[in-house]
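# Take a look and give me a structure for this.
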Amino acid sequence: MIPIIPLPGKVIFPRTNTPLNVVRQVGVLATKFSLSQDKMVLLLNQKNADLDELTSDDFYSVGTVAKIVDSFEPGDGTVRIAVETERRGIVKEIFVDHDIFLADIIIPSEDWDQSEDVNSLRKKAVKSFSECMQLKKKLRNEVLSVAKKEKDPGVLADYIANYAGFRGDKPQQILDEVNANKRLEVVAQFLEEDLEVVELDRRIEEEVEKSVKKTHREFYLNERMKAIQKELGRGEDGSNEFHEIEKQIQEAGMSEEALEKANKELKRLQQMQPMSAESGVIRTYLDWLVSLPWSNRTNKRISINRAEKILNTDHYGLEKPKDRILEYLAVMKLVKKIKGPILCLVGPPGVGKTSLGKSIANATGRNFVRMSLGGVRDEAEIRGHRRTYIGSLPGRIIHGLRDAKSKNPLFLLDEVDKMSSDFRGDPASALLEVLDPEQNDTFRDHYLDIDFDLSEVMFIMTANSKSSIPIPLLDRMEVIDLPGYTEFEKLKIAQQFLIPKQIKSNGLNAKLVNIDDTSVGSIINHYTKEAGVRGLERQISKCCRKIARQVTKNGKKHRNVKIDADNISDFLGPHQFKQRQPEEQDEVGVATGMVYTQVGGDIVAIEATTMRGEGELTLTGQLGDVMKESAQTALAYIRSQSEKLELPVDFTFSQQDFHIHVPEGAVPKEGPSAGITIATAMVSAMTGQHVRKDVAMTGEITLRGRVLPIGGLKEKILAAHRNQIHHVIIPEENSKDLPEIPEDVRSKLEFHQVGNMTQVLDLALRKE
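The predicted structure is shown next:
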């Protein structure tokens, strides 16, 4: 049993001579008891240094066994002692006897292995200790000399820990480690961590000191320079900096207004203190003025044949948009300065709107700048902030021109339909000035506060939907529709562009990969559901990545991998999308309609049923207001034409409820083009006549039964063809849109053009 002297938050390591001032009563009693016995004590650290009333649970389990070699009582109730620490002591149990803590301890063995690893670790620890102490400016040669000579890793670890000044619970962690080799590893790790912290502190201190010295030095030199220039009678405008700025202003090719403004601001700058905040604002303003392309232009190389070749090389299909773009370029070549319309490319995601803009820039020899308007809701994004605001900068139009480094770039304004407005202004209204050919030669950014000519910039916009573009903005643009691709077009795009691109991007070559047409067709139909080809490219990339993994795994043994429709699921997993198939047989109350979505066309089965009730109409399937009104219009038409429709004699509208449902209830649906489909399904439900399963239809219905034209016909027809529909009912006023449908699709479908609901029912209902 050995008395315990509690140490509040302090660790004393073995093999040291240490003076202690024992103040607390619990330590004084233990010291006096030890002096009356064999003078041996256990120096044990407390877990909480602030506790005065201790229990046996408040101590760590490893302490240091020490011998009291000298003691002195100054008479104030404390005891001052000098101890020689010997070894570690592991506490088995703690007892309390007359307010004295006594411990039953084990003295652990501290054997160590002498090996190359231990020698290497010892050298590393000594080196880190030397560097750490040197950075802390506490290095003593005699301490380092003893450390270098010590062979025992456990003793060396304790020795370094005694001088290193570790903080927190690190000293106790070192004391707790009984294994000598592991203890040195712990010390080496702590030294590395301390070294990083000390090095960071030193670096920060040096940078701060360097910055302060530099500021003082610049201030001193500026004052000396002012005094010298004053004696020479030259003033401050003799400064090299001002000469350089003045030279840049003269060489920038500015307009008269901009040149006058720049010279005025330069004179203000020369009269200011260099360290003032306002001088920094003026310097930034002048930097912007001289960096803008006031007179820099790229040589426009408009060759219609070259432009056509570039467009055809970069994009497959899109014949109508290409023709319109080539017409625009032809006029630009004939009329040197054209104030023509702003082109707006509208189409679903992934059909090539942005890449088409890049191709036009390449074809015309213009620099290309892209500005995304998605989520922009602040007018200052377009026109910039006024210089009165801290940190103000020009708007993104001026930013783009500076980046383009030319006055006549192709400026692509992407996602124009995604803009919104709030209390900070309306960015769409700010764009009106930018896009109006009659106004944009005097575009005034709030930050520059001078006119900049945008009339030579070729603006092209992109959007997913015309309906979301503000009307005044739409009025200034000529819209070019980029419809979704057919399955054949997607196949060609994959063969010519996507597959070679992804093979190269994934570090493969054509000898290692063979992706045939059947696999591409399977990807299009079962792993993507889009109008464009972005998802198709992702799936092809996924196949290439899996092949790349096989190549790196098998090395030279790897053979050519062929991907076809039979093994595509091994690369992409189970089918993600299932094509909607036509009904297996003619059904009552179920009609197939064609719809247009943001990702292209699709078909949908509209269900109708009747039941006893009070004449109520129920609509389900998340239908929008327009679609609900189409259903009400269809019911009103049926009621008004009940005799012509030959409804059952006992059928009474006031005693029947009607329910219309459009499947996939989680997906919102909107639009008037389902009117004739709803009416067909309702008439079928009321009369019991079957609707032909191989017929799909689209068209808006009126109260008189007329069938009105609809939009998105090409996408709807492509969806019908994709889903194996053979007969399509369309409004006769949409016959003008049929030439836009690819010939390979048109030849496989039979089109029925109708002008009224009677014709629709004659075609769609199966006569018993």
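# neighbouring strands for whichever helix or strand residue 67 is part of, and are they parallel or not?
Using DSSP states H and E, the element containing residue 67 is strand 62-72. For strand 62-72, the paired strands and their directions (DSSP bridges) read strand 40-45 (antiparallel), strand 79-97 (antiparallel).
# And it, what's buried?
62-66, 68, 71 (16 or more other C-beta atoms under 10 Å). C-beta coordinates here come from the backbone N, C-alpha and C atoms, glycine included.
# now, of the strands paired with strand 62-72, which is deepest in the fold?
strand 40-45 (a mean of 24; mean count of other C-beta atoms under 10 Å).
# Next, the residues that contact it from outside, please.
2-7, 9-12, 20, 30-31, 34, 59-60, 63-68, 83, 85, 89, 91, 103, 105, 172, 175 (C-beta atoms under 8 Å, 6 or more residues apart in numbering).
# Pull out the buried positions in stretch 526-539.
So stretch 526-539, judged by 16+ other C-beta under 10 Å, has buried residues 526-533, 535-537, 539.
# cool, and stretch 542-551?
Those would be 542-544, 546-548, 551, for stretch 542-551 by 16+ other C-beta under 10 Å.
# Let's have the residues you listed in CSV, adding distance to residue 243.
Below are the buried residues of stretch 542-551 laid out as CSV (distance: C-beta to C-beta, whole Å):
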residue, distance to residue 243
542, 60
543, 62
544, 58
546, 63
547, 62
548, 58
551, 61
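# chain center to the strand holding residue 67, what's the gap?
63 Å (C-alpha atoms, centre = their mean, to the nearest Å).
# Make 20 the starting number, not 1.
Happy to do that; since the first residue is 20 now, the last one works out to strand 81-91.
# Touching it from outside, list them.
In contact with strand 81-91 (C-beta under 8 Å, 6+ apart) are residues 21, 23, 30-33, 36-37, 50, 53-54, 58-64, 98-110, 122, 124, 126, 191, 194-195, 197.
# Return the closest of the buried residues of strand 81-91 with respect to residue 699.
Distances from residue 699 to these, taken as C-beta to C-beta, are shortest for residue 81 (87.9 Å).
# Apart from its neighbours in sequence, what residue is nearest the closest one?
Excluding the flanking residues, the one nearest residue 81 by C-beta to C-beta, 6 or more residues apart in numbering is residue 195, at 4.8 Å.
# cool, and residue 754?
residue 772 (5.4 Å).
# wait, isn't the one you found in contact with residue 749?
Yes - using C-beta atoms under 8 Å, residue 772 makes contact with residue 749 at a distance of 6.0 Å.
# more crowded one of those two?
residue 749 (25 against 15; other C-beta atoms under 10 Å).
# Give me the secondary structure label for the more buried one.
Here residue 749 is recorded as strand under DSSP: H, G, I helix; E, B strand; the rest coil.
# contacting residues around it?
Counted by C-beta under 8 Å, 6+ apart, residue 749 has contacts 716-718, 732, 770-773.
# Of those, just say which sits nearest to residue 271.
Distances from residue 271 to these, taken by C-beta to C-beta, are shortest for residue 732, at 53.4 Å.
# Skipping adjacent residues, who's closest to the closest one in space?
residue 756 (4.5 Å).
# where do the strands sit along the stretch 370-519 of the chain?
387-391, 429-433, 462-463, 470-471, 477-482, 496-500 (DSSP state E, counting those that start in this stretch).
# Could I get the ones you listed in a markdown table, plus columns for distance to residue 169 and mean neighbour count?
As requested, these are exported to a markdown table (distance: least, C-beta to C-beta, whole Å; neighbours: other C-beta atoms under 10 Å):
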| stretch | distance to residue 169 | mean neighbour count |
| --- | --- | --- |
| strand 387-391 | 65 | 18 |
| strand 429-433 | 69 | 23 |
| strand 462-463 | 77 | 18 |
| strand 470-471 | 75 | 18 |
| strand 477-482 | 73 | 25 |
| strand 496-500 | 83 | 18 |
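# between those strands, which gets nearest to residue 210?
strand 387-391 (50.5 Å).
# Format the buried residues of stretch 545-558 as a markdown table; extra columns: pLDDT, distance to residue 181 and secondary structure.
Formatted as a markdown table, the buried residues of stretch 545-558 follow (pLDDT from 0 to 100; distance: C-beta to C-beta, whole Å; DSSP: H, G, I helix; E, B strand; the rest coil):
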| residue | pLDDT | distance to residue 181 | secondary structure |
| --- | --- | --- | --- |
| 545 | 86 | 71 | helix |
| 546 | 89 | 67 | coil |
| 547 | 86 | 69 | coil |
| 548 | 80 | 71 | coil |
| 549 | 81 | 70 | coil |
| 550 | 79 | 74 | coil |
| 551 | 84 | 70 | coil |
| 552 | 88 | 70 | coil |
| 554 | 89 | 66 | helix |
| 555 | 91 | 69 | helix |
| 556 | 92 | 65 | helix |
| 558 | 92 | 65 | helix |
